[in-house]
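# Here you go, sequence then predicted model.
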Amino acid sequence: MTTPGKDETARGGATAPGPQAPGTAPAATGTDGPGPHPAAPRTDGPGPHSAAPRTDGPGPHPAAPRTDGPGPHPAADGVVERRLHPITPLRRAWAPVAVLVGWAVHDPDQAQRQLSRLTTTHLLIGLAVLIPAAALYGFLTWWFTHYAVTDTELRIRTGLLFRRTAHIRLERVQAIDVTQPLLARVAGVAKLKLDVIGTGKKDELAFLGADEARALRAELLARAAGLAPETAHEVGEAPSRHLLRVPPGVLAVSLLLTGATWGTLIAAVLVPTLLWLATHNLWTVLATALPLLGAAGASSAGRFVGEYDWTVAESPDGLRLDHGLLDRAHETVPPGRVQTVRIVEPLLWRRRGWVRVELDVAGSSNSVLLPVAPREIAESVVARVLPGVTVPAGPALSRPPRRAARCRPLWWRGYGLAVTDTVFAARYGLLRRSLALVPHAKVQSVRRTQGPWQRALRLADVRVDTGANKTVTARLRDADEAAELLRAQAERSRTGRRDALPDRWMA
């Protein structure tokens, strides 16, 4: 049984008064005017009335929305907030332990004296306090960390005593990567890392379930691409097409043919030996040898582990890079946001026709596109990163005038320049040759510089600055050529920016 209300009157459905219950006063039929009006519900007297929902007493009542528990719950503004994976407290519980270790490393003598005074009982009491405190810290930091996705931003709320809310606008996201360290792969979780314009480091959500991280990444990319919010979470990860894979054997040989690897190894052996012969001081030798050995390991074994099983695939949201032996990384090179591409050719690779492709992306730390590949394959991948760009061949690069040898004897032969309709290309380096390609639309400013010796020889450098805060330089050009190049490049950059397509995800 329903009581006629105002919505029925608005539709024009006038209602007739029903039979009056005994002992009740007749309901009012109007408050103004001569026409009939619907009866207002009574709230006094002994007769039946429409009851408001009760919130007291022993009976059941409508439950208010819950805001606790591990599942998603609405924030104050109605946005559904979610928590990280329940394994996250184990990662964050190490923070108090790390503080103690940092103190011990900072002052090892004091730490050794304090430890020598401790008895077994003291150690057990300390562990009995430290372990629960670390567990409680990890749990509380997880409990008070939430994230939410809105139509325009990713919101991350953290902090127990001091609350911090990060608002990451999706149109400023440069790249979204999914990484899985070794233990995270065992536990089935992953990190979600975001490169954002104007930030010095990546924002991250650690840890999420592996499938949840990929689904969230796909949703964020879809929203950044401008898809409707109600369908963005249903898009899923865009399909990809496999392009190439770097075999581990080829990667190992390329590292053995890299001069930096042998240089650091020779320094790690030779320098400590000379120090021992000169000082016979073990601590001096160790203080020098350990950093050198670490650098040698990072340039050889470290690179092999990080670049192992390098795979490149093409998808609507950009080129996808999967690599890593222990820590598996799933990265994306966003379309249209690459500022510079460098094709690096070490001396010992040239007979095999191998090159390394590096890049600069504004606001992103992704710096390697291909660790090693034949030049033809590398150029085809570059064409996908920079559509419409053709890599200039060696003969197309013009050298500086011969008088440049007075500024840079011998090394001037490694410099070259080519300007096409699409890119500014500058080559430098003699032993480790590098060709930098800057699309005209990505040039932020152009400069012409001259030192005193260059002015005397009528030479000049032309520098182009990109949105990744990097500079590409055409060195030791003729002064008149540099002046004309400065004027022409400024005009090409304006035209390129005007005709460039918008930098949108999944465009």
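Cool, the structure landed.
# Counting neighbours, which bits of the helix of greatest length in the chain end up buried?
Counting by DSSP state H, the longest helix found in the chain is helix 120-143. The neighbour-count criterion (16 or more other CB atoms under 10 Å) identifies 134, 137-139, 141-142 as the buried residues of helix 120-143. Glycine gets a C-beta too; all of them are placed from N, C-alpha and C.
# Point out the other helices and strands that that helix packs with.
Other helices and strands packing on helix 120-143, by 3 or more CB pairs under 8 Å, 6 or more residues apart in numbering; DSSP states H and E, are helix 88-92, helix 94-106.
# Let me have the ones you listed in JSON lines, extended by distance to residue 212, mean pLDDT and mean neighbour count.
Listed next are the helices and strands packed on helix 120-143 as JSON lines, based on distance: least, CB to CB, whole Å; pLDDT from 0 to 100; neighbours: other CB atoms under 10 Å:
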{"stretch": "helix 88-92", "distance to residue 212": "12", "mean pLDDT": "78", "mean neighbour count": "19"}
{"stretch": "helix 94-106", "distance to residue 212": "23", "mean pLDDT": "74", "mean neighbour count": "12"}
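# Tell me which of those helices sits nearest to residue 258.
helix 94-106 (32.5 Å; CB to CB).
# Give the other helices and strands that that closest one contacts.
In terms of contacts (3+ CB pairs under 8 Å, 6+ apart), helix 94-106 is packed against helix 120-143.
# which element follows the helix it packs on toward the C-terminus?
Tracing the chain past helix 120-143, the next element assigned as helix or strand by DSSP states H and E is strand 146-149.
# ok, and for stretch 279-293, which residues are buried?
Under the neighbour-count criterion of 16+ other CB under 10 Å, stretch 279-293 has 285, 288-289, 292-293 buried.
# quick one: that stretch to chain centroid distance?
38 Å (CA atoms, centre = their mean, to the nearest Å).
# Likewise for stretch 194-207?
Worked out by CA atoms, centre = their mean, stretch 194-207 lies 5 Å from the chain centre.
# what does stretch 288-303 give?
Offset of stretch 288-303 from its chain centre (CA atoms, centre = their mean): 27 Å.
# ok, and what's touching that stretch?
Residues outside stretch 288-303 that contact it (CB atoms under 8 Å, 6 or more residues apart in numbering) are 255, 258, 260-261, 264-265, 267-268, 271-272, 275, 371.
# Could you work out the most separated pair of those residues?
Within the contacts of stretch 288-303, 275 and 371 form the most distant pair, 34.0 Å apart (CB to CB).
# higher neighbour count, those two?
residue 371 (21 against 17; other CB atoms under 10 Å).
# Which of the three states applies to the more buried one?
What DSSP: H, G, I helix; E, B strand; the rest coil gives for residue 371 is strand.
# Tell me the predicted confidence for it.
We note a pLDDT of 96 for residue 371 in this prediction.
# hang on, residue 441 packs against residue 500?
Yes: between residue 441 and residue 500 there is a contact at 3.9 Å, judged by CB atoms under 8 Å.
# The two: who's more crowded?
Neighbours were counted for residue 441 and for residue 500 using other CB under 10 Å; residue 441 has more, 21 against 13.
# Looks to me like the more buried one is in a helix.
Yes: judged by three-state DSSP, residue 441 forms part of a helix.
# Next one: it from residue 467, what distance?
Distance of residue 441 to residue 467, computed by CB to CB, to the nearest Å: 10 Å.
# which two in the buried residues of helix 120-143 are spaced the farthest apart?
Using CB to CB, the pair of the buried residues of helix 120-143 lying farthest apart is 134 and 142, separated by 12.7 Å.
# ranges for the strands of the stretch 301-450 of the chain?
Ranges of strands in the stretch 301-450 of the chain, per DSSP state E, counting those that start in this stretch, are 311-315, 318-323, 328-333, 338-346, 354-361, 368-374, 416-419, 423-428, 432-439, 443-449.
# which residues in the stretch 351-500 of the chain form helices?
Assigned by DSSP state H, counting those that start in this stretch, the stretch 351-500 of the chain shows helices spanning 375-385, 452-456, 479-499.
# got the angle between the last one and strand 432-439?
Put plainly, it is helix 479-499. Relative orientation of helix 479-499 and strand 432-439, computed by axes from the mean of the first three to the mean of the last three CA atoms, to 10 degrees: 50 degrees.
# C-alpha coordinates for helix 479-499, PDB please?
Output of helix 479-499 as PDB, limited to C-alpha atoms (Å, rounded to 0.1, in the frame of the first residue of the first chain):
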ATOM      1  CA  ALA A 479      80.200  29.800 -38.200                       C
ATOM      2  CA  ASP A 480      78.000  30.900 -41.200                       C
ATOM      3  CA  GLU A 481      76.600  27.400 -41.500                       C
ATOM      4  CA  ALA A 482      75.800  27.500 -37.700                       C
ATOM      5  CA  ALA A 483      74.000  30.800 -38.100                       C
ATOM      6  CA  GLU A 484      71.800  29.600 -40.900                       C
ATOM      7  CA  LEU A 485      71.200  26.300 -39.100                       C
ATOM      8  CA  LEU A 486      70.000  28.200 -36.000                       C
ATOM      9  CA  ARG A 487      67.500  30.200 -38.000                       C
ATOM     10  CA  ALA A 488      66.200  27.200 -40.100                       C
ATOM     11  CA  GLN A 489      66.000  24.900 -37.100                       C
ATOM     12  CA  ALA A 490      63.900  27.400 -35.100                       C
ATOM     13  CA  GLU A 491      61.400  27.500 -38.100                       C
ATOM     14  CA  ARG A 492      61.400  23.700 -38.500                       C
ATOM     15  CA  SER A 493      60.600  23.300 -34.800                       C
ATOM     16  CA  ARG A 494      57.700  25.700 -34.900                       C
ATOM     17  CA  THR A 495      56.300  23.900 -38.000                       C
ATOM     18  CA  GLY A 496      56.800  20.500 -36.400                       C
ATOM     19  CA  ARG A 497      55.000  21.400 -33.200                       C
ATOM     20  CA  ARG A 498      52.100  22.800 -35.200                       C
ATOM     21  CA  ASP A 499      51.700  19.700 -37.300                       C
END
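# helices and strands around that helix, which ones?
Helices and strands touching helix 479-499, by 3+ CB pairs under 8 Å, 6+ apart, are strand 416-419, strand 443-449, strand 459-466, strand 471-478.
# quick one: residue 148 and residue 156, what's the gap?
Residue 148 is 8 Å from residue 156, where distance means CB to CB.
# I meant to write residue 391 there.
Residue 391 is 41 Å from residue 156, where distance means CB to CB.
# can you check residue 462 too?
Taking CB to CB as the measure, residue 462 falls 43 Å from residue 156.
# quick one: which of those two has more around it?
Taking other CB under 10 Å, residue 462 and residue 156 do not tie; residue 462 has more neighbours (24 against 19).
# ok, now which ones touch the more buried one?
Residue 462 neighbours (CB under 8 Å, 6+ apart): 446-448, 473-474, 477, 482, 485-486, 489.
# what bridges to it?
residue 448, residue 474 (DSSP bridges).
# Residue 417: what's its closest spatial neighbour, skipping adjacent residues?
Closest residue in space to residue 417, ignoring its immediate chain neighbours: residue 474 at 4.5 Å, by CB to CB, 6 or more residues apart in numbering.
# didn't that neighbour look like it was pressed against residue 418?
No: at 9.5 Å, residue 474 does not count as touching residue 418 under the criterion of CB under 8 Å.
# okay, those two: which has more neighbours?
Legend: neighbour count by other CB under 10 Å for residue 474 and residue 418, higher for residue 474 (28 against 20).
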